[in-house]
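K.L.:
The sequence and its predicted three-dimensional model are supplied below.
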Amino acid sequence: MNGERIYSRRELDPMKCGTPGCECPGPLVLNSRCHRGRPIEFTYDWTTGLLTGRCTKCSRLVCHIAVADTATQDGR
């Protein structure tokens, strides 16, 4: 990962929509910045434990999600 921010569960839980001026209720939704509203395709890399999300229209990277082993979870 190239300097991307790593968020903890405690930081992600209260997050809402990131669109400026949007007041939509509800949970955090992942959207691509390049083609908002287009689906994101996820692939999982067994060697690194990362889910990689890419825009289905242009294949631009949207996010990496690290999948923790159940033995490392904090019980939440």
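P.N.:
It's in. On a predicted model such as this, the values are computed, not experimentally measured, just so you know.
K.L.:
Tell me what the spatially most central residue of the chain is bridged to.
P.N.:
Note on the chain: the residue nearest the mean C-alpha position is Cys63, at 5.0 Å, using CA atoms, centre = their mean. Following DSSP bridges, Cys63 is listed with bridge partners Gly53.
K.L.:
so how far is Val29 from it?
P.N.:
For Cys63, the distance to Val29 equals 12 Å [CB to CB, to the nearest Å]. For every residue, glycine as well, the C-beta is placed using N, CA and C.
K.L.:
Ok, Pro39 next?
P.N.:
Distance of Pro39 to Val29, computed by CB to CB: 12 Å.
K.L.:
Likewise for Thr56?
P.N.:
15 Å.
K.L.:
any weak-confidence spans in this protein?
P.N.:
Low-confidence segments of the chain (pLDDT under 70): 1-4, 18-19, 26, 70-76.
K.L.:
Tell me which stretches of it form strands.
P.N.:
Taking DSSP state E as the test, the strands found in the chain are 40-45, 50-55, 61-66.
K.L.:
Which among those strands is found nearest to Arg10?
P.N.:
Nearest to Arg10 among the strands of the chain is strand 61-66 (15.3 Å), distances taken as CB to CB.
K.L.:
Check which helices and strands that closest one sits against.
P.N.:
Here strand 61-66 touches strand 40-45, strand 50-55, going by 3 or more CB pairs under 8 Å, 6 or more residues apart in numbering; DSSP states H and E.
K.L.:
Pairing partners for the first one, with directions?
P.N.:
Right, strand 40-45. Take DSSP bridges as the rule and strand 40-45 pairs in its sheet with strand 50-55 (antiparallel).
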